[in-house]
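Chemist: Here is my input; please provide its structure:
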Amino acid sequence: AAHSMMVCVSTLTLLGGRVVSGAPASRTGSMNPTAVAGPLASLWVGVISFDEGSLQTEDVALNVTLTRTKATTQTAAFRWAFTRDSVGTPCVLQFEPTLTWSANATDAIAEGTGANPDFYSFQGKIDPASGWINGTVYHPPFSARVRAGTFAIHPVTPTTPAVPSHCIPHPVPPSPSPGAQNPPIWPAPAEFVAAAPSVGVQAILDASALTLVCNGPQGACDSDATGSVPAAFARGKAWAFMVPTADRTGATLTTVIVTVAAVSSLQFGVNESYTLAVNVTHAVITAPTQWGALYGLESFFQLVLIEPWEVCPVCNKYVLRVDVPFTIHDTPRVQWRGLMIDTGRHYLPPVVIKRAIDAMAASKLNALHWHLTDDQSFPVCLDAQPDLCRLSQYHDHVTGAPQNYTSAVIRDIVEYATDRGVRIMPELDLPGHSVGLQRGAPALYTNCTSTHKLPDPTTDDFFQLIDSIVGELAILFPDRYFHMGGDEVDTSCWTENPAVVKWMAGKNLTAMGTLGYFQSRIQSIVASHGKATMFWDEFWGANLAALNSTVAEIRSTAFAETLASGRKALTAGINEAWYLDHGIANPRFIQSDWEPYYLHDPFDGLSGIELENVLGGEVDMWGEGVDQTNFEPRVFPWASAVAERLWSPADRSGSTVEAEPRLDGFRCLLVRRGIRAAPIGPGAPC
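Modeler: Just a heads-up that it's a prediction; the model follows:
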């Protein structure tokens with residue numbers, strides 16, 4: 001939970017789930033649990049009192065699902081809905097997955113060292129006679145033992161409705177009306193074969209009864225493998241079955257069978273297709289790789305709904321939102337489906353980046369383009385070049401604490417993303433937009449009057465520095481592609497410096513030719529570390545002798561022209577149509593209007609060699625106007641609207657009338673999962 005969460009009294013509930021074969025194992029657990037009532041019961045209720053202050057004194061619900069993962073440990077997924085958040089919004093739902101839960105006869109700990117290092121932790125003493133657990137709530141990190149408050153909980157009957165009716169998390173809206181083109185899944189699948197009206201029936205589910213059967217080669221079904229199917233299944237269950245139901249009997253669909261043909265590393269072009277076939281008792285997912293299986297599970301869990309949705313406080317059961325049997329055959333339209341984030345202009349804490357990754361995975365976006373540095377900062381702390389970060393990182397305005405990304409933090413984020421099928425491509429923007437780098441290496445820049453100084457191209461010193469930086473980042477980011485910027489370069493800094501002018505004359509270079517020389521050196525450095533270089537489109541007019549592996553990111557009308565020339569290319573929309581910041585600083589689209597993003601199709605009309613050279617597309621969120629306070633609602637679900645354009649075939653998407661209720665519902669799913677996604681317009685259902 002974020003440090004800013006402030007509640008005074010809350011109702012704490014721990015809602016247990018059935019053991020899932022192959023569920024992810026905890027990495028800690030020094031205590032050996034025994035069969036005492038408290039830590040091994042399936043449901044607790046009680047109170048938490050935070051020291052930070054009081055906004056409301058009404059009951060606040062917190063659900064914690066505990067899944068036994070092996071004999072000595074459990075994993076806890078914390079979910080809560082409190083009556084008012086820090087700005088007064090009622091019934092805001094929050095979520096913290098995969099905390100480590102350990103217990104013995106006298107002690108219990110739910111430690112915030114799982115998927116997110118910023119989680120609160122709970123440590124308490126157990127009364128063996130009554131099962132009560134009393135203890136302390138700690139701020140992150142748990143190792144520091146900084147108190148946040150106290151808690152007291154006791155075991156109750158598992159069927160007891162745990163969430164106060166006034167704060168039941170509102171579920172997603174009902175399924176689209178009969179005859180709608182697509183099932184209530186976002187993005188729309190490539191092919192959906194619905195049940196015939198005469199034979200379709202409702203499938204009923206229950207979290208405690210739903211189990212996973214995973215088939216595949218070594219690595220596909222291992223709980224600790226990269227892209228683990230059991231881990232994805234556990235996450236999906238935690239999100240889908242969030243609200244306790246009064247009736248936990250009568251489940252018909254009890255088994256999800258996932259079959260993976262081969263285990264593959266996560267790189268551009270990997271097969272992400274899947275088939276999902278569901279009848280009244282089973283859901284069967286088949287996929288060529290584990291990455292397709294993850295998308296099949298995402299589609300399945302998006303279909304889970306509490307019925308009746310209109311009167312949630314008396315919910316009786318979970319059902320699928322479409323009748324069974326049905327079959328989905330799904331594969332992406334393009335291979336590169338990305339989101340660019342900018343941490344050079346404003347620092348984004350790792351927890352915010354991880355929530356963005358969660359939202360990307362739900363949207364079937366598979367590439368995070370991380371614009372690491374810019375004029376304002378160089379926040380990457382490299383082992384070989386520590387001064388770059390030390391002299392050009394951000395600092396917290398209140399505490400003065402440095403705001404940066406160490407090697408350990410980057411590795412953690414990359415691992416988190418990879419487990420969810422999201423590749424990360426780093427960007428080091430050069431030679432423009434590099435004042436942040438200049439602060440740490442001023443002697444390697446050209447002396448000129450411009451405030452945007454350029455690196456000195458006349459010696460090898462700067463290129464040796466870049467070789468060191470790229471070498472370290474190439475290890476931290478295993479993706480094949482490395483973005484090196486190249487946009488908005490003002491070459492006047494070179495042309496006003498006598499030494500550089502003399503050097504250019506000796507090599508018979510113009511200013512643009514010097515830019516081409518500079519970037520040719522850069523792409524050779526990147527290639528020497530086994531990576532393919534990507535440049536922004538402005539650079540392609542700089543007489544670059546591009547390597548065959550070098551690709552372009554096009555934001556102009558030259559997308560089709562670039563593809564026709566034989567160059568592989570990625571697009572951020574024609575004329576920057578998929579730039580999300582235009583609704584902030586330079587309005588082009590109204591920020592609440594998702595339709596222009598959704599309707600824009602830069603692939604329409606492409607054919608032949610043009611289509612062969614399409615990598616895909618991405619939506620870009622430049623950081624001048626966003627930081628951790630507003631990043632998520634500025635990005636989602638607008639990026640998700642673009643995601644359907646990138647995933648779904650043109651004939652399955654394009655109608656905003658058909659898409660709007662699905663996007664409304666998907667936005668609610670994001671909110672349910674702890675993503676601070678904004679409404680897409682007035683009257684949004686959650």
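Chemist: what's the closest non-adjacent residue to the spatially most central residue of the chain?
Modeler: The C-alpha lying nearest the average C-alpha coordinate of the chain belongs to residue 357 (CA atoms, centre = their mean; 1.0 Å). With CB to CB, 6 or more residues apart in numbering as the measure, residue 417 is the residue that lies nearest to residue 357, at 4.8 Å, once sequence neighbours are left out. Yep, even glycine has a C-beta here, placed from its N, CA and C like the rest.
Chemist: now swap in residue 579 and tell me
Modeler: For residue 579, the nearest residue in space outside its immediate sequence neighbours is residue 620; the separation is 5.2 Å by CB to CB, 6+ apart.
Chemist: And residue 444, what's its pLDDT?
Modeler: Here the pLDDT value assigned to residue 444 is 97.
Chemist: That one touches residue 456, doesn't it?
Modeler: Yes: A contact is recorded between residue 444 and residue 456 when judged using CB atoms under 8 Å, the distance being 5.9 Å.
Chemist: Next up, the contacts around the closest residue to residue 261 other than its chain neighbours.
Modeler: The spatially closest residue to residue 261, leaving aside those adjacent along the chain, is residue 288, at 4.9 Å (CB to CB, 6+ apart). Listed by CB atoms under 8 Å, 6 or more residues apart in numbering, the contact set of residue 288 reads 260-262, 271, 273.
Chemist: could you pull out the strands for the stretch 551-686 of the chain?
Modeler: For the stretch 551-686 of the chain, the strands defined by DSSP state E, counting those that start in this stretch cover 551-554, 569-571, 614-621.
Chemist: element containing residue 521, please.
Modeler: When elements are assigned from DSSP states H and E, residue 521 belongs to helix 511-528.
Chemist: tell me which residues of that helix are tucked away?
Modeler: 511, 514-520, 522-523, 525-526 (16 or more other CB atoms under 10 Å).
Chemist: Check which element follows the helix or strand that the residue nearest to the centre of the chain is a member of along the chain.
Modeler: Per DSSP H and E: residue 357 is located in helix 350-362. Toward the C-terminus, helix 350-362 is succeeded by strand 367-371 as the next helix or strand (DSSP H and E).
Chemist: and that next one, which strands flank it?
Modeler: Each strand that strand 367-371 pairs with, and the sense of that pairing, follows from DSSP bridges: strand 336-342 (parallel), strand 423-430 (parallel).
Chemist: what would those look like in TSV with mean neighbour count?
Modeler: As requested, the strands paired with strand 367-371 are exported to TSV (neighbours: other CB atoms under 10 Å):
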stretch	mean neighbour count
strand 336-342	26
strand 423-430	24
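Chemist: I'd like to know which of those is closest to residue 637.
Modeler: Relative to residue 637, the nearest member of the strands paired with strand 367-371 by CB to CB is strand 336-342, separated by 11.9 Å.
Chemist: now the most far-flung residue of the chain relative to its centre: how far from residue 496?
Modeler: Taking CA atoms, centre = their mean, the residue of the chain most remote from its mean C-alpha position is residue 506, at 49.7 Å. Spatial separation of residue 506 from residue 496 under the definition CB to CB, to the nearest Å is 18 Å.
Chemist: dump the residue contacts of residue 670.
Modeler: Residue 670 sits next to 359, 362, 636-637, 640, 677 when contact means CB under 8 Å, 6+ apart.
Chemist: tell me which of the residues you listed is nearest to residue 103?
Modeler: residue 362 (31.8 Å).
Chemist: coming back round to it: you'd agree the residue nearest to residue 579 is up against residue 582?
Modeler: No: here residue 620 lies out of contact with residue 582, judged by CB under 8 Å, at a distance of 9.8 Å.
Chemist: quick one: common contacting residues for those two?
Modeler: With CB under 8 Å, 6+ apart as the test, residue 620 and residue 582 both reach residue 576.
Chemist: more crowded one of those two?
Modeler: residue 620 (23 against 18; other CB atoms under 10 Å).
Chemist: Look up which residues are beta-bridged to that one.
Modeler: Here residue 620 shows beta-bridge partners residue 340, residue 579, assigned using DSSP bridges.
Chemist: Show me the helices in the stretch 301-450 of the chain, by range?
Modeler: With DSSP state H, counting those that start in this stretch, the ranges of helices along the stretch 301-450 of the chain come out as 350-362, 386-390, 407-419, 435-440.
Chemist: In a markdown table: the ones you listed, plus mean pLDDT and distance to residue 470.
Modeler: Converted to a markdown table, the helices of the stretch 301-450 of the chain look like this (pLDDT from 0 to 100; distance: least, CB to CB, whole Å):
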| stretch | mean pLDDT | distance to residue 470 |
| --- | --- | --- |
| helix 350-362 | 97 | 21 |
| helix 386-390 | 95 | 13 |
| helix 407-419 | 97 | 14 |
| helix 435-440 | 94 | 12 |
